[in-house]
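S.K.: All I have is the shape, not the residue letters:
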């Protein structure tokens, strides 16, 4: 039996969310044949037991297979899953995400129509927990100031050609042509995949729809760890593909280096101290305005956030944006100076 779409899920320790992900896939309106391949990275929280039970129960309308990703890293999970998959279209879904019923149908239609060889949805962050801090992190990460204007995280009116589409899906032939994901990259393997696809003539498109809901980090330490890791491995990608660097990625690094310079100057001159104070106040002001703009659609909607969530989002916005921009930039600079081996 031929399969039209293979949904692949890299997964490790997702016991609290994996059943909802499978339920979302089961609710898809796509009318073609579909299978799901989950690459479990040796989970130790009971995720594998949940998956094995789902396989035995056969309660979903699609064939479900679970394989072991012994390396426990995302690019390895993706490669092992695609190797086992048989569909002509590969749709990636994460183990801690939500997708609407039209998700697979719209992605497959874009790839089948020839509009794109690689296509990604619009991505929106959702809170990782019910806490006001988690709400603030997801709201600010979804904002223009938080994303830097990445097409996949903007409101698009039409498909846009890009170098990278977040959560990209693709025709299997693209994966075969590229030789899969680069397993030397522990993070940013998806950007590297898409960028290499453009280098061999494939068309990569960010779609205005469907929407992929990605669970954001729920704590500030978790966000710091994530942004550092993203920055460090972005440095590895920059070394591999120098021409892939965008202005929006240069700006945080330039701002960090300028901040370090001004801090140094502030110890030796009054003008340096004044410049530092002005920079801090300016960043706080911009962050607060960006937070209010990000909150506006939620405040105007029927399910407007609680006052506590609004207050915490505005108050923490300078800290959260500093983590999003500054920690990421510090990771990039460190990665460029030290190299990828130390990052492991």
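M.R.: Okay, I see it. Everything numeric in this text was worked out from a predicted model, so none of it was measured. Residues are numbered from 1 along each chain as shown.
S.K.: give me the number of residues near residue 193?
M.R.: Neighbours of residue 193 under the rule other CB atoms under 10 Å: 23. C-beta here means a position set from N, CA and C on the backbone, and glycine is covered the same way.
S.K.: I'd say it and residue 183 touch.
M.R.: No. Counting by CB atoms under 8 Å, residue 193 does not reach residue 183; the two are 11.2 Å apart.
S.K.: what are the bridge partners for residue 64, then?
M.R.: residue 36 (DSSP bridges).
S.K.: check contacts around it.
M.R.: Residues near residue 64 by CB atoms under 8 Å, 6 or more residues apart in numbering: 22, 35, 36, 38, 51, 54, 55, 58.
S.K.: Please apply the same query to residue 42.
M.R.: So residue 42 contacts 12, 68, 69, 70, 72 (CB under 8 Å, 6+ apart).
S.K.: Could you tell me how many residues sit around residue 230?
M.R.: Residue 230: 16 surrounding residues under other CB under 10 Å.
S.K.: In helices only, show me the contacts of residue 64.
M.R.: 22, 51, 54, 55 (DSSP state H).
S.K.: Is there a quick ChimeraX command that grabs whichever of those are buried?
M.R.: The ChimeraX selection below is limited to those of the ones in helices among the contacts of residue 64 classed as buried (16 or more other CB atoms under 10 Å):
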select :22,51,54
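S.K.: quick check, nearest of the ones in helices among the contacts of residue 64 to residue 76?
M.R.: Of all the ones in helices among the contacts of residue 64, residue 51 has the smallest distance to residue 76: 17.6 Å, by CB to CB.
S.K.: Go through this structure and flag its longest helix.
M.R.: In the chain, with assignment by DSSP H, the single longest helix is helix 270-300.
S.K.: From residue 256, how far off is residue 105?
M.R.: From residue 105 across to residue 256, the span is 43 Å (CB to CB, to the nearest Å).
S.K.: before we move on, the earlier item: could you give the mean pLDDT of the longest helix of the chain?
M.R.: Taken as a whole, helix 270-300 has a mean pLDDT of 89.
S.K.: Contacts for whatever helix or strand comes next after it next, please.
M.R.: Per DSSP states H and E, helix 270-300 leads on to helix 307-322 as the next helix or strand towards the C-terminus. Counting contacts by CB under 8 Å, 6+ apart, the residues outside helix 307-322 that touch it are 132-133, 135-137, 139-140, 145-146, 220, 223, 283-284, 287-288, 290-292, 294-295, 299, 305.
S.K.: Could you give me the buried positions within helix 307-322?
M.R.: Using 16+ other CB under 10 Å as the test for burial, helix 307-322 gives 309, 310, 312, 313, 314, 316, 317, 318, 319, 320, 321.
S.K.: Good, we can wrap up now.
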